[in-house]
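Colleague: Take this sequence and fold it.
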Amino acid sequence: MAGYSGVLWPDGLLLAQQLLHLWVRGGWFVPEWKGRCLELAAGIFALPSLVLAGSGRFSEVVATDLPGIVGANHSSINNNNHGFRADSLDLCRARDVEGMGKFDVIASSGVCQTNCGPAALVGLSTVGTVVYMVVRSDAADLHRVDFLLRGYFRELFRLDLGQAGRIHPGEQAYFLIWQRQFGPHSCWSEGYTFATCCLDRQDTHSCFDQVFTREICCGSQSP
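Modeller: A predicted model of the protein is given here:
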């Protein structure tokens with residue numbers, strides 16, 4: 001994965017462009033508070049983070065990726081750009097995710113297409129957190145994102161970038177805005193869904209290969 005992180009992926013460029021549209025044109029769901037902002041899987045260039053930092057709307061903007069990826073490229077920017085800094089974060093290390101704290105805004109291009117990404121989104125967010133993402137995929141992948149996030153988040157906005165003329169004809173990509181609506185679920189609460197179970201187990205890949213019952217998810221816990 002580290003090798004892929006050193007490439008400027010089209011998804012990251014698309015996300016940066018959509019965020020720029022929001023800030024410059026005063027689009028939907030632009031937060032007015034001076035909160036904390038995080039980019040996941042930022043890659044070596046971290047373009048979405050630079051757009052977010054340049055907006056001046058955040059007290060802190062943290063661009064993260066695997067160790068040794070994003071920090072080296074932005075060492076000269078860390079102390080000069082609207083609270084921008086780079087940090088290392090392995091989404092599959094729960095203790096590292098917990099140590100980052102909570103954020104008011106999270107941006108990423110493809111975090112939900114990794115096994116550990118959706119659970120990391122839950123761990124890094126709190127009720128009210130806004131998530132901006134680009135998903136370059138087909139309808140099946142969009143359904144997967146919906147399935148994994150709906151236990152904690154509500155979709156606020158979806159833009160088909162192909163229909164909007166922002167990508168090449170024949171390509172499929174979507175700009176999505178989600179907001180966290182629900183806090184932690186207890187295992188036997190009404191809001192505890194199959195998707196919630198997958199996130200809690202940090203095993204979203206096997207969720208699509210196995211059938212989990214509530215009893216399997218909750219173990220020995222009782223209602």
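Colleague: Tell me how many other residues crowd residue 67.
Modeller: 12 (other C-beta atoms under 10 Å). Heads up, the C-betas are built off the backbone N, CA and C, glycines and all.
Colleague: For residue 96, see how far away it is.
Modeller: Distance, residue 67 to residue 96, using C-beta to C-beta, to the nearest Å: 10 Å.
Colleague: who touches both of the two?
Modeller: Counting by C-beta atoms under 8 Å, 6 or more residues apart in numbering, the residues touching both residue 67 and residue 96 are residue 90.
Colleague: The closest residue to residue 92 other than its chain neighbours - how many residues pack around it?
Modeller: Spatial nearest neighbour of residue 92, excluding adjacent residues (C-beta to C-beta, 6 or more residues apart in numbering): residue 116 at 4.0 Å. Residue 116 has 20 neighbouring residues, counting by other C-beta under 10 Å.
Colleague: and residue 116, what pLDDT?
Modeller: pLDDT for residue 116: 85.
Colleague: do residue 5 as well
Modeller: pLDDT at residue 5 comes out at 51.
Colleague: Could you double-check that residue 87 sits in contact with residue 62?
Modeller: Yes - the pair residue 87 / residue 62 is scored as a contact, 5.5 Å apart, by C-beta atoms under 8 Å.
Colleague: Overlap of the contact sets of these two?
Modeller: Common contacts of residue 87 and residue 62 (C-beta under 8 Å, 6+ apart): residue 100.
Colleague: Have a look at those two and say which one is more surrounded.
Modeller: Between residue 87 and residue 62, counted using other C-beta under 10 Å, the more crowded position is residue 62 (25 against 16).
Colleague: That one should be in a strand, yeah?
Modeller: Yes - applying DSSP: H, G, I helix; E, B strand; the rest coil, one finds residue 62 inside a strand.
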